[in-house]
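Novice: okay, sequence plus prediction incoming.
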Amino acid sequence: MAFTFFMRDQPTLEHAADHMIPYASGRSRIKIWDAGCALGQETYTIAMIFAEKMNSFGFKNLRIDATDHDSANNFGDIVNAATYPNDELQRTPAELLAKYFEPAEKPGHSRVKPILRDRIYFQYHDLLSLKPAGQDYCLIVCKNVLLHFQYPERVEVFKMFHQALAPGGYLANENTQKLPQEVAHLFTQVVPDAQLYKKIGD
Ligand SMILES: C[S@@+](CC[C@H](N)C(=O)[O-])C[C@H]1O[C@@H](n2cnc3c(N)ncnc32)[C@H](O)[C@@H]1O
């Protein structure tokens, strides 16, 4: 089972939102790709952070493509159901819990409210296909996934992310994931204390 949790590496996601929202303002469609989203905890964390920082009109224009290749464990059904044990929500601040979750039918579980669920589109996708899940992303989040890949595969996946981003779009990785030197010319690091990059070129 994939290791993941709500509010994981919140500082990087906050940085991503703080840079991406002003960059994307005025767009009628604002797209994020959460690549390797596992069971959705990261995806709904991203949705909560953006919902808190965007105005409600802008947030309705947001689309988050959540992808993972694990079809054996029915990740798609779990992400779409958006129902999680209350134990998993202990790190989530109480005001966010009250705003974005409701009691689920299953005892001891909570369900993400439609205001966030409606922004999420799950699809099965293998990053090693090197075909992007979509195009024109303002932000791609790919955290704790690429460490499992061979170095040449990582280089190719970063090139694919560069191609899938809109000009000037952002890419967020986990803090232990340094950019391979082969793709360093394609991105510029945005903040010194997080692996958040901005696309260079078209
Ligand atoms: C450790 S979890 C990370 C989940 C989340 N991104 C986070 O940081 O909490 C790694 C995820 O990457 C997914 N993954 C591994 N190889 C993949 C591939 N080739 N294509 C898409 N997803 C992949 C796994 O199925 C798993 O859900």
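Specialist: Received, thanks.

Novice: using PDB, list the CA coordinates for the helix or strand hosting Val155.
Specialist: Using DSSP states H and E, Val155 sits in helix 151-164. What follows is helix 151-164 as a C-alpha-only set of coordinates in PDB (Å, rounded to 0.1, in the frame of the first residue of the first chain):
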ATOM      1  CA  TYR A 151      18.100   7.900 -13.100                       C
ATOM      2  CA  PRO A 152      17.600   8.000 -16.900                       C
ATOM      3  CA  GLU A 153      13.900   7.400 -16.400                       C
ATOM      4  CA  ARG A 154      13.800  10.400 -14.000                       C
ATOM      5  CA  VAL A 155      15.400  12.600 -16.600                       C
ATOM      6  CA  GLU A 156      12.800  11.600 -19.200                       C
ATOM      7  CA  VAL A 157       9.900  12.100 -16.800                       C
ATOM      8  CA  PHE A 158      11.200  15.600 -16.000                       C
ATOM      9  CA  LYS A 159      11.400  16.400 -19.700                       C
ATOM     10  CA  MET A 160       7.800  15.100 -20.000                       C
ATOM     11  CA  PHE A 161       6.700  17.400 -17.200                       C
ATOM     12  CA  HIS A 162       8.400  20.400 -18.900                       C
ATOM     13  CA  GLN A 163       6.400  19.600 -22.000                       C
ATOM     14  CA  ALA A 164       3.100  19.300 -20.100                       C
END
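
Novice: residue ranges with poor pLDDT in this structure?
Specialist: Applying pLDDT under 70 to the chain picks out residues 1.

Novice: tell me the residues of it that contact the ligand?
Specialist: Contact residues, the chain versus the ligand (C-beta under 6 Å from any ligand atom): 2-4, 8, 36-38, 42, 68-70, 126-128, 143-145, 148. (C-beta placed from N, C-alpha, C; glycine too.)

Novice: now for the helix or strand following the helix holding Val155, which elements pack on it?
Specialist: Of the helices and strands lying after helix 151-164 in sequence (DSSP H and E), the nearest is strand 165-172. For strand 165-172, the packing partners by 3 or more C-beta pairs under 8 Å, 6 or more residues apart in numbering; DSSP states H and E come out as helix 10-24, strand 137-141, strand 196-199.

Novice: deepest-packed of those, please.
Specialist: strand 137-141 (a mean of 27; mean count of other C-beta atoms under 10 Å).

Novice: angle of it against helix 151-164?
Specialist: Here strand 137-141 runs at an angle of 150 degrees relative to helix 151-164 (axes from the mean of the first three to the mean of the last three C-alpha atoms, to 10 degrees).
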